[in-house]
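[1] quick one: sequence and predicted model below, then my questions.
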Amino acid sequence: MSENKSPNDEPDPARPSETELVTNPHAVEPLRADSLQQFSAGDQVDDFQLISMLGSGAFAQVFLARQVSMERLVALKISSGQGSEPRTLAQLDHPNVVRVFDQRQHAEPPLNLLYMEVVSGGTLLDLVSKVKEATPSVRAGQILLDSVDENLQARGTMPPEDSSRRHWLKDAKWPMVVCQIGAQLASGLAYAHAKGVLHRDIKPANVLLTPEGLPKLADFNVSFNSARSDESPADAFGGSLAYMSPEQLQACHPSLGGSPELVREASDIYSLGVLLWELLCGTRPFESEPQAKGGELTRVQLMVDCRHYADFSKLTKQLPKECPESLRQVLLRCLQPRIEERYQSADEVAKALDLCLHPQSWKLLQESSSPLIRLPLQFPILTLIIAGLTPNALAGYFNLIYNYERIVAHFPDHLERFMTVQQWVNSIMFPLGASVGTWIVVRTRRTLKHAKSAEAEAGSNQLLLFGLAVSLLTLSLWTLSGIIFPIAINIGLPLNDSLGFYSHFFLSLALCGIVAMAYPYFLLTSLTVRVYFPALVRNKIVAGPRWRTLQRIRMLNRTYLMLTALVPMLSVLLAVAFDSEQKWALMVASGGGIIGFAVMFALERYIEKNLDALERIAIDAPQTI
């Protein structure tokens, strides 16, 4: 919609304008449209009264206009050609793409009138000018608001008073503002790409800003719509040289070996990277490109070489000190000269920039140098077995010592039977539990390693809920042991207080069973949400977690945390209800239970923090307004 020009983009008489280069793939010199009749504010064109000019260029003029028949304000683009831009824009309905209303053909003089929504906050080109004037230390979200408000004031419009986005921008750091603008533009670009539309001319002048500071892609006049059989990538091919990818520059001249057919989604991603770099730093990454005396062809070749042989270690010195590592990595990946080394979709860029806005989410998906993260990845089966068995072994040991002393003190005739039963039960239950747990781990690992997308999703869901699976396995084994133990010990032997015998066994086993069930749940779940699942996403085995699964884990966290709170309570109950010589052991268990609850509470908070981070990449998260 906008045809504004940057002062740095003024055409040099010695070469074509880099902002409005439209080429024929079979010609060396650019094609130009010089027949456009010039209009001015106050003129009447068809159904439109021209109020003020919003922008102009070699191919079109854009006015704020009043559509008389509809009694509304529109942005009217007047051009002499009949390109495919109106049909392209009509297919796009996205908050970050300018919305087209309709078009008209004016017979005399022959004109194409494209009228769109009014986006009155100016362009990113206005904002870039302010960024260049400001020192890095004072760049902040307020600069964006100042740029928008100046354009609103020039058009006699008041800034919106109650806008959550403007409130955020007022105090936002500049790198975070760039991240958000980039994520929104990448989202709009991904939507266009999904419709088969390549923009091919992404630059600050072609991004409009709403009064809230929301960016909108505009000017699809050199775009290509692969969904239309009557369009060719070579039709109206061109763009802005300063923002072009290497392959798009090569396509401008056949002698360089390029072709418009090779300019795909990755080229738009490259241009977006250049735009965001300029927005962040105030200068483009290749601002000081070599000037050639050998004509346009030589100049373009030098620009291609500059991109292909860029020294990124030097380029990154342009970035401000407060630029986070996450944003630096995203920008450098967008600017990779080789297509396969860039992001393969705009949606990937949008997600990556969104993660930059949430440092914990970004950190979660990076390779970690911490041994606490790397060792579990190197020895996953051993780590999970240790995390699952250790609380069970401690609970089993306490249960053995405690009940042994009680049997000796109150039921000496049952001691031999007790030792025999516990030996058989423990020798069966512990290996059985370890075997089943190992089988679950191996099966899940194999599924994820050799799975198709649907199977991988199911396997990743199993992995996230591995702590639950182990806790339920533990619950079943301890419940079975709680039934077998007292019955097997008491068979054929006289017992004076059977109620006290059975109830005591039940409570002591319940105490140890809760420890054996809840503690492994938190240990294993913390490993899956922090170590193993992020590795799956990082290695592109799965796209992300299911949002519903994450919410289920949150509910389980609360349930298991309440169970861990029962441990010290049951210890006190056993000490009070049964006048036994083992009160010291129960008091120790109660103190240990309090410490254990504190540790599990800390783990629960740690898991919740990682769940918050994982929600940013959830594949079925509900849309928020």
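    Sure thing, it's come through.
[2] what ranges do the strands span in the stretch 301-450 of the chain?
    Remark: no strands are assigned in the stretch 301-450 of the chain by DSSP state E, counting those that start in this stretch.
[3] residue contacts, residue 519?
    391, 564, 596, 600 (Cβ atoms under 8 Å, 6 or more residues apart in numbering). Any C-beta I mention is one placed from the backbone N, CA and C, and that applies to glycine too.
[4] I'd like the average pLDDT over the helix or strand where the third one lies.
    It stands for residue 596. Using DSSP states H and E, residue 596 sits within helix 583-615. The pLDDT scores in helix 583-615 average 85.
[5] would you mark the buried spots in that helix?
    By 16 or more other Cβ atoms under 10 Å, the buried positions in helix 583-615 come out as 585-586, 589-590, 592-593, 596-597, 600, 603-604, 607, 610-611, 613-615.
[6] what values do phi and psi take at residue 51?
    Backbone torsions for residue 51, taken as degrees, to the nearest 10, come to phi -100, psi -50.
[7] I'd assumed residue 66 was in contact with it.
    Yes - using Cβ atoms under 8 Å, residue 51 is in contact with residue 66, at 6.2 Å.
[8] tell me which residue is most central in the protein.
    residue 351 (3.3 Å; Cα atoms, centre = their mean).
[9] ok, and the closest non-adjacent residue to that one?
    residue 617 (6.7 Å; Cβ to Cβ, 6 or more residues apart in numbering).
[10] outline the domain layout of the chain.
    21-116, 122-364, 371-615 (automatic domain parsing).
[11] got a list of what residue 339 touches?
    247, 264, 266.
[12] among those, which are in helices?
    Members of the contacts of residue 339 lying in helices (criterion: DSSP state H): 247, 266.
[13] want to throw the contacts of residue 339 into CSV with pLDDT?
    Conversion of these to CSV gives the following (pLDDT from 0 to 100):
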residue, pLDDT
247, 90
264, 87
266, 93
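[14] helix or strand for residue 112, which one?
    strand 111-116.
[15] packing partners for the helix holding residue 596?
    helix 359-364, helix 380-410, helix 498-527, helix 547-577 (3 or more Cβ pairs under 8 Å, 6 or more residues apart in numbering; DSSP states H and E).
[16] compute the distance between the nearest residue to residue 394 once chain neighbours are set aside and residue 525, please.
    Excluding the flanking residues, the one nearest residue 394 by Cβ to Cβ, 6+ apart is residue 515, at 7.2 Å. From residue 515 across to residue 525, the span is 16 Å (Cβ to Cβ, to the nearest Å).
[17] likewise residue 607?
    6 Å.
[18] need the overlap of contacts for these two.
    The contact sets of residue 607 and residue 525 overlap at 553, 557 (Cβ under 8 Å, 6+ apart).
[19] now do residue 107 against residue 45, distance only.
    With Cβ to Cβ as the criterion, residue 107 and residue 45 are 12 Å apart.
[20] name the next helix or strand downstream of the strand holding residue 112, please.
    Using DSSP H and E, the helix or strand that follows strand 111-116 in sequence is helix 124-133.
[21] the helix or strand just after that next one - contacts with which helices or strands?
    Downstream of helix 124-133, the next assigned helix or strand under DSSP H and E is helix 141-154. Here helix 141-154 is seen to pack against helix 124-133, helix 164-171, helix 174-194, strand 207-209 when contacts are counted using 3+ Cβ pairs under 8 Å, 6+ apart.
[22] quick one: mean pLDDT for the second one?
    Within the predicted structure, the mean pLDDT of helix 164-171 is 91.
[23] counting by contacts, list what it packs against.
    helix 141-154.
[24] which non-adjacent residue is nearest residue 527?
    residue 376 (5.8 Å).
[25] wait, what's in contact with the one you found?
    Per Cβ under 8 Å, 6+ apart, neighbours of residue 376: 383, 527, 531, 532.
[26] against residue 525, how distant is the closest residue to the third one other than its chain neighbours?
    Spatially, and ignoring its direct neighbours in sequence, residue 531 is nearest to residue 376 (4.9 Å; Cβ to Cβ, 6+ apart). With distances taken as Cβ to Cβ, residue 376 is found 13 Å from residue 525.
[27] got it, and residue 556?
    8 Å.
[28] now swap in residue 158 and tell me
    Taking Cβ to Cβ, one finds residue 158 at 51 Å from residue 525.
[29] and what of residue 141?
    38 Å.
[30] out of those two, which sits in the busier spot?
    residue 525 (28 against 22; other Cβ atoms under 10 Å).
[31] I figured that one hits residue 553, correct?
    Yes - with contact defined as Cβ under 8 Å, residue 525 counts as touching residue 553 (6.6 Å).
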